[in-house]
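Chemist: Quick one, fold the following:
(2 chains)
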Amino acid sequence: MSDVKKTATRESYGNALKELGALHPDVIVFDADLSASTKTGVFRAAYPERHFNCGIAEGNMMAVAAGAAAMGLVPFASSFAMFASGRAFEQVRNSIGYTQLNVKIGATHGGISVGEDGASHQCCEDFALMRSIPGMVVMSPADDAEAKAMVFAAYDHPGPVYMRFGRAPVPAVHGDDYKFTIGKGETLAEGTDVAIIANGLCVAEALGARDILAQEGISARVINMGTIKPLDEELVLKAARECRKIVTCEEHSVIGGLGEAVCAVVAEAGLACPVKRVGVQDVFGHSGPFTALLEEFGLTAPHIAEACR
Amino acid sequence: MTSKEKKQLAIAACKIRMGALEGVHAAKAGHPGGSLSAADMFAYLYFKELNVDPAKPHMEDRDRFVLSKGHTAPGLYATLALRGFFPWEDLKTLRQIGSHLQGHPNMAMTPGVDMSTGSLGQGVSAAAGMALAAKVKGLPIRVYTLLGDGEIEEGEVWEATMFAHHHKLDNLCVIVDNNGLQIDGPIDQVMSPYPIPEKFNAFGLHVIEIDGHDFDQIEAALNEARETKGVPTAIVMKTVKGKGVSFMENQASWHGKAPNDEEYKKAMDDLNARMAELEGEKDE
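Modeler: Numbering: from 1, shown residues only, chains lettered A, B, ... in the order given. As a prediction, the model looks like this:
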């Protein structure tokens, strides 16, 4: 896919915020001393009077954002996924979740692809944490077009939203005219033997796995599940009925993320379709180039293909 | 302040104390101690300071109040009921299934509650966010938040204080109810937050120290806070935990415990006697 344009979805986030800010004067942005990395600095350059640095104090930032939302503004609060979902979990749970205030959390640097910073910053638990909060929408885009569309959808959605963006550049899997709806999955490629349900950077890898499997005569469906909660249960059940096997793939712990959400839907429907979870196997990561880490932790196309066989 | 006004405030505070105890007694649970220590401040805020309208609890240009020490909800609920946000009879439903009066304040359920609180430290952050948003929106309102002295052991309080000072939130007034006691005992034995005024001062706030049971001092402090420009104000008020009920005063054990029937009667006797005394006072 070397000829395909690659963009880190954190870049998409910053650019989308700037576009959103132009349309809606009620959008304000909070950051916790990471605006160069989360790319909220792009918004700040355009609208400095609506960008507020909270310093290295993520818990306070989340409750501040809740207060701003209670005043009718639409705050986007940003930090790395580790701190937005982990450090500030209880503020998110009580001041944003319990209140159902209209706060959008833009968490960048999710997953193992954070790379060289190492395990302290490689958050593979955020889907699990955020899914557990009632009423929280949890999303993770596959590419630039989807990331931008999610930011706009988040603004239109009344209530709390958690969005996870990545540090590493990912190839485009959508055209610029891509339409995104919260809670709807998307069948990127049809197939009948196995259904790969993925999100984030794993979507492009899943498409790669489909190509590998095709050479072996295995027909793989690829579903991009950009919204982890609320999950598109209908699309999951359709896959469970039409394919012999489901493989989930996410840059997250196999505990508590997309994989477990899919397992629950299939099991509770009483369907006999086996589900295999590709993800980080209940271990911490470590420092290294992200491409090597994705390989080592089993998140690339050949690994996904192997899980499908 | 005229002596008539002061008497009316004292009567309101006495009723707030009665209402708080009525709720906690009916619920057989709740937090009387800190509701009683803050009752005079509650009375002044809702009957003199805040621009609020019980008929329009969501009006955009109202002043905001965030009870950061959310466990003293019984005091806030009695205040809101007395001010007319909902019927006084509701107080008896505190903490019951089907009641809008949750154990800790819920903004979606109770008219007049501006922010859901209960997890200590978060209310002051939310209040700072409201004050910032008011400036962004150009709303000339003020935001008040009441913290417990044990609560300021939470690191988030200082994150919020740093934030409020950095962003020059002079429309924010932070009030600390320094009654000296938390659940496990005297605050200076559990985890001393002293010296409190010096800490807020070091974070750049304008600090005013008062007796939280003296309406003249409360009025002077809130006026001074309103006139203070460029920085938020912290009012550190010395209070008596359990104030107004003889056997609850200065007792940590009454932080989060409901009186039994006998204790409730005794407490109401104290407060009724105080009420009779106030009503007997001649207006000047």
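
Chemist: Enumerate the residues of the stretch 151-284 of chain B near chain A.
Modeler: Remark: the part of the stretch 151-284 of chain B in contact with chain A comprises B:Gly155, B:Glu156, B:Glu159, B:Ala160, B:Met162, B:Phe163, B:His166, B:His167, using C-beta under 8 Å from any C-beta of the partner chain. Using the backbone N, CA and C atoms, a C-beta is placed for each residue, glycine as well.

Chemist: if I look at the fourth one, how far off is B:Leu169?
Modeler: Spatial separation of B:Ala160 from B:Leu169 under the definition C-beta to C-beta, to the nearest Å is 10 Å.

Chemist: For the two, list the residues in contact with both.
Modeler: Common neighbours of B:Ala160 and B:Leu169, using C-beta atoms under 8 Å, 6 or more residues apart in numbering or on different chains, are B:Ala128.

Chemist: returning to what we had before: out of the residues of the stretch 151-284 of chain B next to chain A, which is nearest to chain A?
Modeler: When those are compared for distance to chain A (C-beta to the nearest C-beta), B:Glu159 wins out at 3.6 Å.

Chemist: The closest one looks like it's in a strand, true?
Modeler: No. Note on B:Glu159: no strand contains this position according to DSSP: H, G, I helix; E, B strand; the rest coil, which reports helix.

Chemist: how close does A:Glu234 get to A:Tyr178?
Modeler: Separation of A:Glu234 from A:Tyr178 (C-beta to C-beta) stands at 20 Å.

Chemist: more crowded one of those two?
Modeler: Between A:Glu234 and A:Tyr178, A:Tyr178 has the larger neighbour count (other C-beta atoms under 10 Å in any protein chain shown), namely 16 against 11.

Chemist: just to confirm, which helix or strand has B:Leu76 in it?
Modeler: helix B:73-83 (DSSP states H and E).

Chemist: Quick check: what element follows that helix along the chain?
Modeler: Towards the C-terminus, the helix or strand next in line after helix B:73-83, according to DSSP H and E, is helix B:122-137.

Chemist: so for the longest strand anywhere in chain A, what's the average pLDDT?
Modeler: Scanning chain A for the strand with the most residues, using DSSP state E, yields strand A:245-253. Within the predicted structure, the mean pLDDT of strand A:245-253 is 98.

Chemist: So what are the sheet partners of that strand and their directions?
Modeler: strand A:194-198 (parallel), strand A:275-280 (parallel) (DSSP bridges).

Chemist: Would you reformat those strands as CSV and include mean neighbour count?
Modeler: Shown next, in CSV, are those (neighbours: other C-beta atoms under 10 Å in any protein chain shown):
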stretch, mean neighbour count
strand A:194-198, 29
strand A:275-280, 23
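
Chemist: Now these in CSV, please, with extra columns for mean pLDDT and distance to B:Ala234.
Modeler: Compiled in CSV, the strands paired with strand A:245-253 are given as follows (pLDDT from 0 to 100; distance: least, C-beta to C-beta, whole Å):
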stretch, mean pLDDT, distance to B:Ala234
strand A:194-198, 98, 51
strand A:275-280, 98, 45
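
Chemist: for those strands, which one sits closest to B:Ser119?
Modeler: Between B:Ser119 and the strands paired with strand A:245-253, the shortest separation by C-beta to C-beta is 30.1 Å, and it involves strand A:275-280.

Chemist: can you list contacts of the helix or strand that that closest one is followed by?
Modeler: Sequence-wise, the next helix or strand downstream of strand A:275-280 (DSSP H and E) is helix A:290-296. Among residues not part of helix A:290-296, those counted as contacts by C-beta under 8 Å, 6+ apart are A:112-115, A:167-168, A:201, A:205, A:251, A:285-286, A:288, A:300.

Chemist: Between which two of these is the distance greatest?
Modeler: Put simply, by C-beta to C-beta the two of the contacts of helix A:290-296 set farthest apart are A:Glu205 and A:His286, 20.3 Å from each other.

Chemist: Neighbour count: these two, which is higher?
Modeler: Ranked by neighbour count (other C-beta under 10 Å), A:Glu205 and A:His286 place A:Glu205 first, with 26 against 13.

Chemist: wait, isn't that one in contact with A:Gly298?
Modeler: No. Contact criterion C-beta atoms under 8 Å: A:Glu205 and A:Gly298 do not qualify, at 10.4 Å.

Chemist: Disregarding residues adjacent in the polypeptide, which is nearest to the residue of the stretch 101-250 of chain B found nearest chain A?
Modeler: Using C-beta to the nearest C-beta, B:Gly129 is the residue of the stretch 101-250 of chain B that sits closest to chain A, at 2.5 Å. Sequence neighbours aside, A:Gly67 is the residue nearest to B:Gly129 in space, at 2.5 Å (criterion: C-beta to C-beta, 6 or more residues apart in numbering or on different chains).

Chemist: That neighbour is in what secondary structure piece?
Modeler: In this structure, A:Gly67 is located in helix A:58-70 according to DSSP H and E.

Chemist: What's the local residue count around B:Val136?
Modeler: Number of residues near B:Val136 (other C-beta under 10 Å) recorded here: 17.

Chemist: is it true that it touches A:Leu73?
Modeler: Yes. In this structure, B:Val136 is within contact of A:Leu73 by C-beta under 8 Å, at 6.5 Å.

Chemist: Let me know the average pLDDT across the helix holding A:Gly67.
Modeler: 98.

Chemist: So which other helices or strands are in contact with the helix or strand following that helix?
Modeler: The helix or strand immediately downstream of helix A:58-70 is strand A:74-80, counting by DSSP H and E. For strand A:74-80, the helices and strands in contact under the criterion 3 or more C-beta pairs under 8 Å, 6 or more residues apart in numbering or on different chains; DSSP states H and E are strand A:27-31, helix A:35-38, helix A:58-70, strand A:104-108, helix A:144-156.

Chemist: So what touches strand A:74-80?
Modeler: Residues lying outside strand A:74-80 but in contact with it, judged by C-beta under 8 Å, 6+ apart, are A:13, A:17, A:24, A:26-32, A:34-35, A:37-38, A:40, A:58, A:61-62, A:65, A:68-69, A:84, A:87-88, A:102-109, A:114, A:121, A:123, A:151, A:154-155, B:129.

Chemist: so where do the helices sit in the stretch 151-284 of chain B?
Modeler: Ranges of helices in the stretch 151-284 of chain B, per DSSP state H, counting those that start in this stretch, are B:155-166, B:187-190, B:196-202, B:215-227, B:261-280.

Chemist: measure the residue in the stretch 51-200 of chain A that chain B sits nearest to to A:Gly135 for me?
Modeler: Nearest to chain B, among the residues of the stretch 51-200 of chain A, is A:Gly67, at 2.5 Å (C-beta to the nearest C-beta). Per C-beta to C-beta, A:Gly67 is found 18 Å from A:Gly135.

Chemist: just for the stretch 51-200 of chain A, where's the confidence low?
Modeler: Low-confidence segments of the stretch 51-200 of chain A (pLDDT under 70): none present.

Chemist: what about 90?
Modeler: Screening the stretch 51-200 of chain A residue by residue with the criterion pLDDT under 90, one finds the ranges A:175-177.

Chemist: Can you pull the residues of it lying near chain B?
Modeler: A:52, A:54-55, A:57, A:59-60, A:62-73, A:75, A:90-91, A:94-95, A:98-100.

Chemist: which one is residue 132 nearest to, not counting chain neighbours?
Modeler: I went with chain A, as the question did not name one. A:Gly256 (7.7 Å).

Chemist: wrong one, chain B
Modeler: Counting by C-beta to C-beta, 6+ apart, B:Leu132 lies nearest to B:His167, which is 5.7 Å off, once chain neighbours are set aside.

Chemist: repeat for A:Leu213
Modeler: Taking C-beta to C-beta, 6+ apart as the measure, A:Leu213 lies nearest to A:Ala220, with 4.8 Å between them; neighbours along the chain are not counted.

Chemist: Next up, the contacts around that neighbour.
Modeler: In this structure, A:Ala220 makes contact with A:Ala189, A:Gly191, A:Asp193, A:Val194, A:Ala195, A:Ile196, A:Ala209, A:Arg210, A:Leu213, A:Ala214, A:Cys308, judged by C-beta under 8 Å, 6+ apart.
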